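Undergrad: A structural model of the following input is requested.
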Amino acid sequence: MFEIGSKIVYPMHGAGIITNIEDREILGETRRYYCVSLPCGRMTASVPVDKAEGLGIRDVIDSSEIGDVLAVLEQPPEPMQSNWNRRYRDNIERLQTGDIRIVASVVRDLAKTDKVKPLSTGEKKLLGTAKQIVASELVYAGGFTMEEAEMLVESHI
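TA: Got it, this is the predicted structure:
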């Protein structure tokens, strides 16, 4: 169980801080929720405490792991499906893992593919989302501002 002030990652949304833990009654049932402030998109998410593990909520990586993430961005891209629809679904599945190294590989693969052949509109949006997810975790892992983290990601692709 996490505490107020815990830095966590919410797959598909990015990293954030638990600002409150509160009980809420919905449809006659009372449940505990983590209130998570997410800097990406300046939003707040409510996550049921009893579903957090199943949703893939995890601690932010340690600062010692930042180099590993940046190394993933620098590697050559993995071969991807030629069919954009299948490639899109594969990348969504990779993002849903919540593993920052896998999300970084999505950034790398899409960014490097875009340099060779323009991505579809959906893939461009997916690339932007993946970059935001990686950058948001770097903010909390390394003490960067969002702008610094975004520049760090871009400079290592």
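Undergrad: make it CA atoms for all contacts and neighbour counts henceforth
TA: Fine.
Undergrad: now what about the top strand by length along the chain, what contacts it?
TA: Identified as the longest strand of the chain according to DSSP state E is strand 14-26. Contact with strand 14-26 is made by 2-10, 30-40, 60, 132-134, 136-137, 140, as judged by CA atoms under 8 Å, 6 or more residues apart in numbering.
Undergrad: So how do I select the buried members of the residues you listed in PyMOL?
TA: Under the burial definition 16 or more other CA atoms under 10 Å, those of the contacts of strand 14-26 that qualify are selected in PyMOL by:
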select buried, resi 6+7+8+9+10+32+33+34+35+36+37+38+39+40+60+132+133+134+136+137+140
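Undergrad: Narrow the contacts of strand 14-26 to those in helices?
TA: 132-134, 136-137, 140 (DSSP state H).
Undergrad: List just the nearest of the residues you listed to residue 152.
TA: For these, the residue nearest residue 152 by CA to CA is residue 134; the value is 10.1 Å.
Undergrad: Contact partners for the closest one?
TA: Residues near residue 134 by CA under 8 Å, 6+ apart: 14, 100, 103-104, 153.
Undergrad: Tell me the pLDDT of it.
TA: Note on residue 134: pLDDT of 97.
Undergrad: How about the one 10 residues further on?
TA: pLDDT, the model's per-residue confidence, is 95 for residue 144.
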